[in-house]
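K.L.:
sequence and computational prediction follow.
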Amino acid sequence: VFVPMFFLTGVPKYLFVPLAEAVIFSMVASFILSRTLVPTLAKYLLKEHDQTRRHQPPSKNPLVRLQRSFEQKFERFRAGYRELLLIALSYRRTFITGFMGFVLLSFLLVPWLGDNFFPTVDAGQIKLHVRAQTGTRIEESARLCDEIERDIRTMIPPAEVKNMVDNIGLPVSGVNLTYSNSSPIGPGDADILISLNEGHAPTAGYVKMLRDRLKADFPGTAFAFLPADIVSQILNFGLPAPIDVQVIGFNRKADQQYAAMIMARLRNIPGLVDLRIQQAFDQPELHVAVDRTRAQQLGYSQHDVATNLLVSLSGSLQTAPNFWVNPKNHVSYPLVVQAPQYRMDTLSDLQNIPVSSDATPGRYQILGAMASVNRNQGEGVVSHYDVQPTIDLFGSTQGRDLGDVARQIEEVLKDTAKDVPKGSTVVMRGQVKAMNSAYSGLLFGLLGAIVLIYLLIVVNFQSWLDPFVIITALPAALAGIVWMLFATHTTLSVPALIGAIMCMGVATANSILVVSFARERLDNGDTGITAALEAGFIRFRPVLMTALAMIIGMAPMALGMGEGGEQNAPLGRAVIGGLMFATCATLFFVPVVFSLVHSRTTVNPETNSFIPEPTNV
């Protein structure tokens, strides 16, 4: 059942292929040991028992007494199961109809489960993105972050706060900008990382409280919560939010208007929070307009003005790199020419920047003599996707699953499709796209696993009907997964689908135990009903042992124990719920279906021919 996992792509491939490999290698080793070491140990360690003695002598050993008491109660329990199975065999068609109806009705709960890509992990970290009004100086942004931190400490108990780290503005150089977070777009942006101590209250509760309180305490400031742990960042593929609605096109004015319009519509979707447009369109700018006639009269060109302005404000390192070598230690140092930033405070200072020309070396003229400087507004950042400029609408979820919110977003985009500017396209990316791709791959893998199981059993049983009887327990396993996720308020996710695939293998193994024994009884001359009854009764213990061993092993995972246990909890819950229902189906439904399939014939062991079965039951 794990073979289809090797055909996964993207993040699920790197997360679950190692899991599949671990299970496969452990099962191979287990199979080898069961055929070599276990029989050898059984030969030397197990003692012979007198099968003719029905009553064993009393023992004073408390463990022996406990074991005998358990055996007596278990035999009564098994006898009660035999009576129930006999009743089910007496009303086969009614039982099959009722059981299948229950399984089919169980799938009606699927829309109520909700679907997420991966469960949210409480990593004990909160990452808050702060955006002040566009154009805010970095000094003002620092003061604002100090006030926000003081407000946060009033909402989160100081004993639970480990530290707070602020990252304000943009990095200094372009190299650092390449490796930095993409959320800040200017000096008015900041990221506040809050680390909590162990034993803290649920992080999701703090996030909800901060989201509501900070907006009221700091009007005019935009807040958004970013993925803080590395797993969420990987699942977002580097995006600052799980939902990214992109408006792609070259008509910037029309795209901005359309983005603002759909953002107003999206704000009405319940559970969609932190909705914002990543790009800022009101960034303060200073436009320098060169008077060409005047500049030509003074002996300067636009190139001279642009080059001198760039060097004065940004430095000469990128445009005209120069180095000085220390003669003492022969170490080279870059020489950078730049106007002191602390002297660029007013428009007058900017207009007094000296301008030189290669045509007239040693001669300078101020910028204001040949150009005018005007205030304006423009885009603070221009984002591209596949070369085309794009506008990003980011959003997160709170109190609802990602799939449900994404479906409502798609409805809004469908309703506003007629308003999309000509030449532009609207695409929803982020976790939603990856989730849909992963779901398709895993559902295909689940179906492929069932088909591979069926074909493998066909080869071993040399029959088409008996393998069909075996896999009839699998729909019940899927119904059990649905009920378990519904009862524990767990959304459908990639780990839950992985658990469903794992459950298929164990459920099939248990069904094989029952059907293979029933086939042996049928070959020995028993009727279909008798063979099914004896197979269920004899295989009752190994079926329960296999299921209980898997359920007990998955219990810690289902409880989400340990650090980051929330991520694997759906996997354990899916396996436990599926095995509970699959075990019931193996012990009741599979024998009834087997008896119905073999209701008209039985095998004469002496002649190896088919004879009619009595129909008085």
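P.N.:
In hand now; what should we look at?
K.L.:
run through who's touching stretch 122-130.
P.N.:
Under the contact criterion Cβ atoms under 8 Å, 6 or more residues apart in numbering, stretch 122-130 has outside partners 141, 144-145, 148, 152, 183-184, 189-198, 200, 202-204, 206-207, 210, 214, 221-229, 231, 240, 564, 566. Quick note: C-beta positions are derived from backbone N, CA and C, even for glycine.
K.L.:
now stretch 313-322: buried residues?
P.N.:
Of the residues in stretch 313-322, residue 316 count as buried by neighbour count, 16 or more other Cβ atoms under 10 Å.
K.L.:
let the chain start at 31 from now.
P.N.:
In the new numbering, first residue 31, that becomes stretch 343-352.
K.L.:
average model confidence for it?
P.N.:
Averaging pLDDT along stretch 343-352 yields 80.
K.L.:
span of it from start to end?
P.N.:
This stretch, stretch 343-352, spans 17 Å end to end (Cα to Cα, to the nearest Å).
K.L.:
once you drop chain neighbours, what's closest to residue 36?
P.N.:
Spatial nearest neighbour of residue 36, chain neighbours left out: residue 47 (6.1 Å); criterion: Cβ to Cβ, 6 or more residues apart in numbering.
K.L.:
before we move on, the earlier item: among the contacts of stretch 152-160, which ones are buried?
P.N.:
171, 174-175, 178, 182, 213-214, 219-222, 224-226, 230, 233, 236-237, 240, 244, 251-259, 261, 270, 596.
K.L.:
now intersect the residues you listed with the helices, please.
P.N.:
171, 174-175, 178, 182, 233, 236-237, 240, 244, 261 (DSSP state H).
K.L.:
phi first, then psi, for residue 228.
P.N.:
Main-chain dihedrals, residue 228, degrees, to the nearest 10: phi -70, psi 150.
K.L.:
which residue packs closest to it, ignoring adjacent ones?
P.N.:
Nearest non-adjacent residue to residue 228 (Cβ to Cβ, 6+ apart): residue 154, at 7.3 Å.
K.L.:
other residues contacting stretch 110-119?
P.N.:
In contact with stretch 110-119 (Cβ under 8 Å, 6+ apart) are residues 125, 559, 562-563, 566-567, 570, 617-618, 621-622, 625, 647.
K.L.:
swap that for stretch 366-380, sorry
P.N.:
Counting by Cβ under 8 Å, 6+ apart, 316, 341-347, 383, 397, 403 sit against stretch 366-380.
K.L.:
who does the closest residue to residue 413 other than its chain neighbours bridge with?
P.N.:
Leaving aside its sequence neighbours, residue 413 sits nearest to residue 420 (Cβ to Cβ, 6+ apart; 5.3 Å). Residue 420 forms beta bridges with residue 278, residue 413, as assigned by DSSP bridges.
K.L.:
what number of residues lie near residue 420?
P.N.:
Neighbour count for residue 420, taken as other Cβ atoms under 10 Å: 22.
K.L.:
can you tell me how far it sits from residue 70?
P.N.:
Distance, residue 420 to residue 70, by Cβ to Cβ, to the nearest Å: 67 Å.
K.L.:
pLDDT-wise, which helix or strand of this protein ranks last?
P.N.:
Least confident element among the helices and strands of the chain, by mean pLDDT, DSSP states H and E: strand 639-642 (a mean of 43).
K.L.:
only the buried residues of the helix or strand where residue 443 lies, if you could.
P.N.:
Per DSSP states H and E: residue 443 is located in helix 432-445. Using 16+ other Cβ under 10 Å as the burial criterion, the residues of helix 432-445 that qualify are 432-436, 438-439, 442-443.
K.L.:
pull the CA atoms of it into CSV?
P.N.:
Output in CSV follows, covering the C-alpha atoms of helix 432-445 (Å, rounded to 0.1, in the frame of the first residue of the first chain):
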residue,chain,number,x,y,z
LEU,A,432,-8.4,26.2,4.6
GLY,A,433,-10.4,24.3,2.0
ASP,A,434,-13.7,25.8,2.9
VAL,A,435,-12.4,29.3,2.9
ALA,A,436,-10.6,28.7,-0.4
ARG,A,437,-13.9,27.5,-2.0
GLN,A,438,-15.6,30.7,-1.0
ILE,A,439,-12.7,32.7,-2.4
GLU,A,440,-13.1,30.9,-5.7
GLU,A,441,-16.8,31.7,-5.7
VAL,A,442,-15.9,35.4,-5.3
LEU,A,443,-13.4,35.2,-8.1
LYS,A,444,-15.9,33.5,-10.3
ASP,A,445,-18.5,36.2,-9.7
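K.L.:
all set, thanks.
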